[in-house]
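> fold the following, please.
(chains A and B)
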Number of protein chains: 2
Amino acid sequence: MKPEDRFVERLREALSDRDDVVVGPGDDAAVVRSSAGRLVVTTDTLVENVDFLPGEDPGRLGRRAVSVGLSDLAAMGAWPDFFLLTIGFPESTNEELPLLLARSAARRGEEFGAALVGGDLSRAMEIFLSVTVWGRPCGEVVRRSGARPGDVVFLSGWPGEAAAGLAVARARAGGDRSAGGAGWTPEELSVPDETRLLAAYRDPEPRLPLGRALAREALATAAIDVSDGLGADAGRLARASGVRLVLESESLPISPALAAFAGLAGRDALEMALAGGDDYELLFTTPADRAGRFADPPSEWGASVNRVGRIESGEGAFFEEARGLRAIDDLGFDHFGAAP
Amino acid sequence: MKPEDRFVERLREALSDRDDVVVGPGDDAAVVRSSAGRLVVTTDTLVENVDFLPGEDPGRLGRRAVSVGLSDLAAMGAWPDFFLLTIGFPESTNEELPLLLARSAARRGEEFGAALVGGDLSRAMEIFLSVTVWGRPCGEVVRRSGARPGDVVFLSGWPGEAAAGLAVARARAGGDRSAGGAGWTPEELSVPDETRLLAAYRDPEPRLPLGRALAREALATAAIDVSDGLGADAGRLARASGVRLVLESESLPISPALAAFAGLAGRDALEMALAGGDDYELLFTTPADRAGRFADPPSEWGASVNRVGRIESGEGAFFEEARGLRAIDDLGFDHFGAAP
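Just a heads-up that it's a prediction; the model follows:
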């Protein structure tokens, strides 16, 4: 038996049987039972040295790749059913690495009812993981394009914590220190703060329960998954909706852990919250007369939700400070690696 | 606007509108209309230096990535509806390369009715393309596991031509010559032979019409898409079915172009047919009393079909020559890069 086939057999042992999976991993394609209606499908790829640091624990990495894919479904107000996982890995890697990645991905999917039903393996120069996940809307799908002037802007979670977590992980890996001049060490953070920031980066929580509530109760006019930075993704929502989105500086939630990190590292916490990336939180808009629903979010939503701004007529995404408005569309990460 | 968003806008201009696409590229996920029943889903990734040569024409590459994905659906007896495309590309690459890749992929999908509805972009060390395609079975899905002793084994097309085409492409790119000692140059092939071999490698034809006929007319007990080499994939079909698969040397179709290449390069054409890889042909099994259906395949199947062997009780895949049986399961390509 070829190692690739042995991999599939070993992986299958780790998967639960499900009635809606007709053909799982190991054939030319997966076959699943599907009901009529709308299907919501998304794909996300994590690449070594771009989306994660070399030497990252494979169990964490498989889990994170699935979380990142699920976050996109959350932003659409959909719930996942199935996913595929593609793993690229260097020739020097043995069979255990992709198996650890795939098993941890499968477990993470199962937490939300999403079954791993297939995928692909390939040699590559660096490790990469690509997750394609599909499921069903929990109500009307929530798009980026429905925000209207007068709507209120909400954000789940604590933006910028993941970016701080990445900086801490880099420093722990010796990256920032060897680059020199960082002027701080992660040991100066309290253990709870460091743990919290690392978790925000390494183990994001897909906001599926919140997204489901937004779709079921028709609470959101528009939503986007914040992955490339709050400023950039606010700009995308504004452009898709043909409106201006204004984030208000006094409303932006800055967690004590991020504030502690920023103080230590000589960074501006608000700037990290705006440009950070990897947050995987939901940014969404709500008609003003429904905004009261978020005053005391039910615990089953699984996330804090804060009012962070407003929608006006116009265009672009702006940050409102005491000194006025500042464009933030071009902050954050772009895979072309160059601002226009 | 970020380059990534401009990319999506430019790509969308190249896509046709379809009633069954509710949300196409540019939101957090794609949304499509879907009928009840079975959904067939597969994913395939092509990586530079592994699955294609550096400097490959992006228009050809996008097309090939889609063809390779569609080939898996063909082997299941399914027809595609939609696909996603993920592109990894080095930092040095500008926006035009992924756009050329994506547009050619979209055109190839449209030839078979499959709409490009989304995907992902990422920086990476090398170019890679990952296609996830889904669709509907044209009858009962054809699995690898249904072959029974007494069945006849058929193969579409001409195995080994793609492997010869890769060798020619390498030589044209100067690879084999700089490695030294090849002892032949592609100029020694006739232009039609060279054209045919290069096309077999660069532009495989997904056998969707044949796969549809197999499913609709319930002609196949088992099928597999030959991608890693005839021997390896015959071994997979045999193992999944719990039978022995015997390929008969006198039945294996060797094209005149492959024979010409093998003569020139001092290679064994039969060995190339068995171990070659990248064929994307269908290997399938049929009950003996239905084998007559393949005596004169209708032109709409779009492929030649040859009887190449038989199914017996036992296990493994073998090649039957005058001197006896030889195991061929372990021939061909494995992404772990090491034979067990």
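
> give me the residue ranges of the stretch 151-300 of chain A where confidence is low.
Along the stretch 151-300 of chain A, the parts satisfying pLDDT under 70 run over A:175-182.

> can you show me the strands along it?
Per DSSP state E, counting those that start in this stretch, the stretch 151-300 of chain A carries strands over the ranges A:152-156, A:222-226, A:244-248, A:281-286.

> out of these, nearest to chain B?
strand A:222-226 (5.0 Å; CB to the nearest CB). C-beta: built from backbone N, CA, C; applies to glycine.

> could you check the angle strand A:152-156 makes with that closest one?
With axes from the mean of the first three to the mean of the last three CA atoms, to 10 degrees applied, the angle from strand A:222-226 to strand A:152-156 works out at 30 degrees.

> one step back: in CSV, list the strands of the stretch 151-300 of chain A along with mean neighbour count and distance to chain B.
CSV is the format used below for the strands of the stretch 151-300 of chain A (neighbours: other CB atoms under 10 Å in any protein chain shown; distance: least, CB to the nearest CB, whole Å):
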stretch, mean neighbour count, distance to chain B
strand A:152-156, 25, 14
strand A:222-226, 29, 5
strand A:244-248, 23, 15
strand A:281-286, 28, 10
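
> out of those strands, flag the one nearest A:Pro58.
strand A:222-226 (24.2 Å; CB to CB).

> and that closest one, which strands flank it?
strand A:281-286 (antiparallel) (DSSP bridges).

> and the nearest residue to A:Gly183 once chain neighbours are set aside, how many neighbours?
Using CB to CB, 6 or more residues apart in numbering or on different chains and skipping the chain neighbours, the partner closest in space to A:Gly183 is A:Gly266 (6.6 Å). Residues near A:Gly266, counting by other CB atoms under 10 Å in any protein chain shown, number 9.

> what about the helices in the stretch 151-300 of chain A?
All helices of the stretch 151-300 of chain A, identified by DSSP state H, counting those that start in this stretch, fall at A:161-172, A:175-179, A:191-202, A:208-216, A:230-241, A:256-265, A:269-275.

> buried deepest among the ones you listed, which one?
Burial of these is given as mean neighbour count (mean count of other CB atoms under 10 Å in any protein chain shown); helix A:230-241 ranks first at a mean of 26.

> about what we covered before: turn the helices of the stretch 151-300 of chain A into a markdown table, including distance to B:Arg64.
Below are the helices of the stretch 151-300 of chain A laid out as a markdown table (distance: least, CB to CB, whole Å):
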| stretch | distance to B:Arg64 |
| --- | --- |
| helix A:161-172 | 36 |
| helix A:175-179 | 38 |
| helix A:191-202 | 36 |
| helix A:208-216 | 36 |
| helix A:230-241 | 31 |
| helix A:256-265 | 46 |
| helix A:269-275 | 38 |
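
> in a helix, A:Ser145, correct?
No: read with DSSP: H, G, I helix; E, B strand; the rest coil, A:Ser145 is coil and lies in no helix.

> on that earlier part again, tell me which of the helices of the stretch 151-300 of chain A lies nearest to B:Asp151.
Closest among those, using CB to CB: helix A:208-216, at 45.9 Å.

> on that earlier part again, out of the helices of the stretch 151-300 of chain A, which gets nearest to chain B?
Closest approach to chain B among the helices of the stretch 151-300 of chain A (CB to the nearest CB): helix A:230-241, 6.3 Å.

> give me the angle between that closest one and strand A:222-226.
150 degrees.

> just the CA coordinates for helix A:230-241, please, in CSV.
What follows is helix A:230-241, C-alpha atoms only, in CSV (Å, rounded to 0.1, in the frame of the first residue of the first chain):
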residue,chain,number,x,y,z
LEU,A,230,-10.7,45.9,11.0
GLY,A,231,-9.9,48.9,8.8
ALA,A,232,-9.5,46.9,5.6
ASP,A,233,-12.6,44.8,6.2
ALA,A,234,-14.7,47.8,7.3
GLY,A,235,-13.7,49.3,4.0
ARG,A,236,-14.9,46.2,2.1
LEU,A,237,-18.3,46.2,3.9
ALA,A,238,-18.6,50.0,3.1
ARG,A,239,-17.8,49.5,-0.5
ALA,A,240,-20.0,46.5,-1.0
SER,A,241,-22.9,48.4,0.6
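
> on that earlier part again, TSV for the helices of the stretch 151-300 of chain A, including distance to chain B?
Converted to TSV, the helices of the stretch 151-300 of chain A look like this (distance: least, CB to the nearest CB, whole Å):
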stretch	distance to chain B
helix A:161-172	16
helix A:175-179	18
helix A:191-202	18
helix A:208-216	10
helix A:230-241	6
helix A:256-265	24
helix A:269-275	13
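
> middle-most residue in chain A, spatially?
A:Tyr280 (2.8 Å; CA atoms, centre = their mean).

> need the contact list for it.
By CB atoms under 8 Å, 6 or more residues apart in numbering or on different chains, A:Tyr280 lies in contact with A:67-68, A:71, A:162, A:204-207, A:225-227.

> chain neighbours aside, what residue packs nearest to A:Asp19?
Closest to A:Asp19 by CB to CB, 6+ apart is A:Arg33, at 7.6 Å.

> tally of neighbours for that neighbour?
14.

> next: A:Val22.
18.

> can you check the one 4 residues further on too?
The local packing count at A:Gly26 equals 19, with neighbours defined by other CB under 10 Å.

> confirm that it sits in a helix.
No: counting by three-state DSSP, A:Gly26 falls outside a helix, being coil.

> give me the pLDDT value at it.
Per-residue pLDDT puts A:Gly26 at 94.

> and for A:Ala327?
94.

> try A:Trp79
As predicted, A:Trp79 sits at a pLDDT of 98.

> now do the contacts for the residue nearest to it when sequence neighbours are not counted.
The shortest distance from A:Trp79 to any non-neighbouring residue, by CB to CB, 6+ apart, is to A:Gly135 (5.0 Å). For A:Gly135, the contacting residues are A:39-40, A:73, A:78-82, A:114, by CB under 8 Å, 6+ apart.

> measure the residue nearest to the centre of chain A to chain B for me?
A:Tyr280 sits 11 Å away from chain B, going by CB to the nearest CB, to the nearest Å.

> name the SS class of A:Arg326, please.
Assignment for A:Arg326 (three-state DSSP): strand.

> what's near enough to touch the closest residue to it other than its chain neighbours?
In space, and not counting its chain neighbours, A:Arg326 is closest to A:Phe319: 4.9 Å by CB to CB, 6+ apart. Contacts for A:Phe319 were tallied using CB under 8 Å, 6+ apart; they are A:231, A:246-247, A:249, A:274, A:325-326, A:328.
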